[in-house]
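Enquirer: From the sequence below, what's the structure:
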Amino acid sequence: MTRKIPGRFMEALFVFLMLLLPCTVFPQAKQPVLKGTERVKMFSAQADLKAASPYKDLHWQYIGPTNISGRCTDVEAISPRGGQYTIWVGSATGGVWKSVNEGTTFEPVFDEMPTASIGDIAIDPQNPDVVWVGTGEANIFRSSNAGCGVYKTSDGGKTWDLMGLENTHTIGRIRIHPENTDIVYVASPGHEWTPNEERGLFKTVDGGKTWTRIFYVNQHTGVADLVLDPRDPNTLYATTWERMRLKWNDPRTFADTRNCGVWKSTDGGKTWKEINTGLPAPQHRGRIGVDISLSNPDVLYLLLDNYEIAYKAKPGELDAYGRQKQDVIKGAVVYRTDNGGATWKQVSGLTEETKVYMERHSGTYGWVFGQIRVDPKDENTIFTLGIELHMSVDGGATFKTLDGPHADHHGLWIDPENPNYLLNVQDGGLTISYDKGATWKYPIAELPLAQFYNIAYDFSIPFRVVGSIQDHHSYYGSVDLSRGRDRVRPVAFTNTLGAEGSSHAIDPRDNNTVYSSTFYGALARAEINNYPASRKNLLPVRYADEPRLRGQWVAPTLLSPHNPDIVYHGMQYVMMSRDKGNTWEFISPDLTFNDPKKQGDINYQTIQTLDESPLRAGLLYAGTDDGRIWRTRDGGKAWTELKPKNVPVRWVSRIVASQYDLGTVYMTQTGRRDDDFQVYVWKSVDFGDTWTDISGNIPVGPVNVIREDPVRKDLLYVGTDAGVYVSKDGGARWDVLGDLPFAYVHDLQVHPRDNMIIISTHGRGMFVLDANPVNEKDKMRRQRWY
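Expert: This next block holds a predicted model:
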């Protein structure tokens with residue numbers, strides 16, 4: 001007897017099968033996540049997962065460095081000093097910190113927010129408990145991260161409210177109306193990597209409940225800086241910045257740049273007038289910082305990054321990073337107006353001596369700085385922030401360097417009641433001066449803000465960890481478990497081989513020989529215990545007609561797990577040495593797209609990640625920054641490009657060959673440089689021919705690293721730009737691991753002997769966590785004993 005199937009059921013079955021087809025027959029690429037509003041929702045989901053995680057009570061222990069801080073972007077305080085000693089510090093990637101005792105101690109007050117990238121801070125002039133924070137570092141440095149809008153606290157940082165503007169990504173300045181503090185202005189330069197509409201100058205008249213964009217140029221141009229006239233707060237001066245960071249170029253001015261300039265409004269932003277008389281031609285203007293004299297508000301100063309050529313670079317002349325030096329531009333130039341912006345005149349660099357001084361002011365990256373301050377009681381005393389902190393007492397005609405603080409300056413607060421009292425932030429944290437920069441209290445209690453890129457470990461007792469730190473080069477420290485696995489103390493770190501951005505590989509046989517690059521993959525070798533005397537550069541010399549070697553900022557270097565004498569190094573080629581780096585073979589062709597249109601002053605189209613199977617010598621995987629994925633089974637004799645249709649073209653952040661199954665390999669991708677915050681985590685069981693999405697329930701990216709547990713086969717760890725995740729079932733489900741504050745986790749390792757999970761964060765230093773409660777290695781030992 002044949003049973004008749006109803007027509008409606010057949011229709012439903014057909015629709016169901018058609019829905020399955022994209023997943024089973026035609027795998028689809030994941031869609032990017034581009035909006036800040038979506039990121040806020042994603043982070044809210046992470047907060048829910050963290051609260052429900054079975055690992056929520058596990059404690060991440062900060063291990064240092066206690067002697068190194070990190071890049072800070074703004075500092076604010078309450079005047080006059082003496083009635084109180086409150087200082088607020090905004091960091092590039094470590095959130096907001098508050099001190100109530102003038103820097104003796106600090107507390108983080110922004111840890112549970114959906115970003116730790118801070119652009120600017122503003123304190124309500126009528127209520128010091130009301131503080132506004134604009135997220136998203138406006139300097140768009142190589143390691144900058146996008147923000148998620150504007151936040152406000154009304155109780156001194158105990159609680160925060162999101163006030164909107166989530167899609168701006170970067171905020172350069174917040175200004176509060178001094179008489180009606182419900183009126184707030186927010187200047188946004190816009191997205192770092194992509195064009196966007198949500199940039200310009202925004203205004204609220206109701207304390208942040210609603211916003212109006214009151215000034216806009218186009219989707220490539222935002223507002224970088226803003227000041228209000230103290231006599232009439234409806235008079236505004238704004239600077240526009242046309243800029244975009246490319247993966248192969250810094251955000252400099254190009255031949256078609258036309259929209260960097262200065263604008264003025266006298267009606268609270270309803271109408272605007274361009275005020276550029278006396279400034280360089282539009283194509284030569286870069287980032288512009290502005291400040292107004294409180295003692296004479298008709299006087300304003302600009303710090304303008306001038307791209308007019310000062311002199312040509314010589315062929316073969318190298319810059320500080322070992323690259324061909326670019327033509328030297330005029331760079332930092334100070335302009336002054338005495339008539340409220342009607343006309344400007346250049347006041348710096350008018351003699352040969354001061355001209356050279358200002359050319360060196362900002363190095364090759366004036367777009368990182370753009371900050372200028374006027375003494376609140378003296379219109380002729382100004383400060384400019386560049387590689388060093390500079391002061392002029394003659395209106396910008398001459399300058400002197402205020403020595404003492406760390407290099408690369410981003411914020412300066414001058415007490416309006418006592419201009420001798422200065423608070424300065426730079427790439428080394430916070431410094432304080434009581435005598436207008438003649439001497440400095442430095443360092444302040446070290447803010448734990450080190451921006452690590454990587455981790456390597458050795459097998460010393462206690463074991464050591466090493467990593468590279470943005471703006472500080474490479475350092476190592478010891479992880480001492482002698483007081484208990486949950487009582488690891490933070491330590492000072494010691495300088496070793498490597499640059500600001502490097503990977504490290506330590507020979508496990510002597511725990512002393514280390515391999516690392518200086519800038520952009522320039523590989524060297526040294527002995528940790530005899531550094532720098534033992535340093536030896538390793539890259540082979542190239543013939544003049546050979547392509548120059550291109551290495552990424554953190555170029556991959558690894559020792560073969562089968563023979564530590566074998567060193568692999570990734571540039572645009574995979575390089576292999578069989579004798580500790582003394583001689584080399586190029587075992588791959590150029591694995592990148594090598595597009596001439598995408599070659600600029602930043603190394604791009606390079607190998608970003610490289611791994612060799614611990615189960616089979618010569619089985620190698622490589623991933624590039626321009627999105628290509630490769631495999632060789634025979635030590636480089638033949639390479640196969642892996643082109644799965646469901647995997648998007650994105651910067652490959654990590655490839656890890658499994659230590660358990662020969663054909664299994666894991667991969668992560670990051671969309672940060674596409675302003676994409678999607679979660680890309682992949683697994684292949686057929687040597688990379690096909691890939692399965694194992695991102696599961698991880699709500700927020702980008703993703704920087706994946707690792708297998710050295711004890712349990714299906715136990716995986718993932719580090720993202722928000723925290724650490726763990727999966728016990730091969731990626732089907734993920735849980736938030738531990739009590740880590742919001743952190744950009746750039747690398748993760750599990751020490752196989754001591755069973756400690758180590759993470760390097762970009763903005764909060766290094767942490768460790770006892771892995772025993774996760775992989776139960778201690779229980780396995782006891783079971784074997786019995």
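Enquirer: State the mean pLDDT of stretch 494-505.
Expert: For stretch 494-505, the mean per-residue pLDDT is 97.
Enquirer: An error on my part: the question was meant for stretch 728-743.
Expert: Mean predicted lDDT for stretch 728-743 stands at 97.
Enquirer: repeat for stretch 329-341
Expert: 97.
Enquirer: And the strands in the stretch 501-650 of the chain, which stretches?
Expert: 504-506, 513-517, 523-527, 536-537, 557-560, 563-570, 574-577, 585-586, 607-612, 620-624, 629-632, 640-641 (DSSP state E, counting those that start in this stretch).
Enquirer: Please verify my assumption that Ala92 contacts Glu137.
Expert: Yes: using CB atoms under 8 Å, Ala92 is in contact with Glu137, at 4.9 Å. (Glycine included, C-beta is placed from N, CA and C.)
Enquirer: intersection of neighbour lists for these two?
Expert: 73, 117-118, 144-145 (CB atoms under 8 Å, 6 or more residues apart in numbering).
Enquirer: nearest to Thr364, of those residues?
Expert: Ser144 (17.1 Å; CB to CB).
Enquirer: What confidence value was assigned to the closest one?
Expert: 93.
Enquirer: Neighbours of Gly316, how many?
Expert: Residue neighbour count, defined by other CB atoms under 10 Å, stands at 7 for Gly316.
Enquirer: Identify the residue nearest it in space, chain neighbours excluded?
Expert: Gln324 (7.5 Å; CB to CB, 6 or more residues apart in numbering).
Enquirer: Look up the residues forming beta bridges with the one you found.
Expert: Leu318 (DSSP bridges).
Enquirer: Would you mind confirming that it is in contact with Glu317?
Expert: Yes: counting by CB under 8 Å, Gln324 touches Glu317, with 7.3 Å between them.
Enquirer: and the nearest residue to Gly200 once chain neighbours are set aside, what pLDDT?
Expert: Nearest-residue entry for Gly200: Tyr216, 3.9 Å, with adjacent residues in sequence omitted and distances by CB to CB, 6+ apart. As predicted, Tyr216 sits at a pLDDT of 98.
Enquirer: same deal with Met1?
Expert: 35.
Enquirer: Can you give me the distance of Thr398 to Pro251?
Expert: When distance is defined by CB to CB, to the nearest Å, Thr398 is 30 Å away from Pro251.
Enquirer: The two: who's more crowded?
Expert: When Thr398 and Pro251 are compared for neighbours, Pro251 comes out ahead with 22 against 17, by other CB under 10 Å.
Enquirer: Would you mind giving the secondary structure of the most centrally placed residue in the chain?
Expert: Closest to where the C-alpha atoms of the chain average out (CA atoms, centre = their mean) is Ser143, at 2.5 Å. The three-state label given to Ser143 by DSSP: H, G, I helix; E, B strand; the rest coil is coil.
Enquirer: for the residue nearest to Gly316, what are its contacts?
Expert: Contacts for Gln324 were tallied using CB under 8 Å, 6+ apart; they are 313, 315-318.
Enquirer: Could you tell me which of those count as buried?
Expert: Among the contacts of Gln324, none counts as buried by neighbour count (16 or more other CB atoms under 10 Å).
Enquirer: Who does the closest residue in space to Ser588 that isn't next to it in sequence form a beta bridge with?
Expert: Closest residue in space to Ser588, ignoring its immediate chain neighbours: Val574 at 4.0 Å, by CB to CB, 6+ apart. Val574 has the following beta-bridge partners by DSSP bridges: Gly570.
Enquirer: Repeat that for His504.
Expert: Going by DSSP bridges, His504 forms beta bridges with Ser516.
Enquirer: Could you report the separation of it from Trp263?
Expert: Taking CB to CB, one finds His504 at 48 Å from Trp263.
Enquirer: Need the mean per-residue confidence for stretch 269-276.
Expert: pLDDT averaged over stretch 269-276 gives 98.
Enquirer: By mean pLDDT, flag the weakest helix or strand of this structure.
Expert: Least confident helix or strand, the chain: helix 7-24 with a mean of 37, by mean pLDDT, DSSP states H and E.
Enquirer: And the helices in the stretch 51-200 of the chain?
Expert: Assigned by DSSP state H, counting those that start in this stretch, the stretch 51-200 of the chain shows no helices.
Enquirer: The stretch 51-200 of the chain: strands as residue ranges?
Expert: 61-64, 72-77, 87-91, 96-99, 107-108, 118-123, 131-135, 150-153, 161-164, 173-176, 184-188, 200-204.
Enquirer: Show me what the third one is packed against.
Expert: Translated: strand 87-91. Where contact means 3 or more CB pairs under 8 Å, 6 or more residues apart in numbering; DSSP states H and E, strand 87-91 is packed against strand 72-77, strand 96-99, strand 118-123, strand 422-426, strand 429-433.
Enquirer: okay, those in a markdown table with mean neighbour count next?
Expert: A markdown table is the format used below for those (neighbours: other CB atoms under 10 Å):
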| stretch | mean neighbour count |
| --- | --- |
| strand 72-77 | 24 |
| strand 96-99 | 22 |
| strand 118-123 | 25 |
| strand 422-426 | 26 |
| strand 429-433 | 25 |
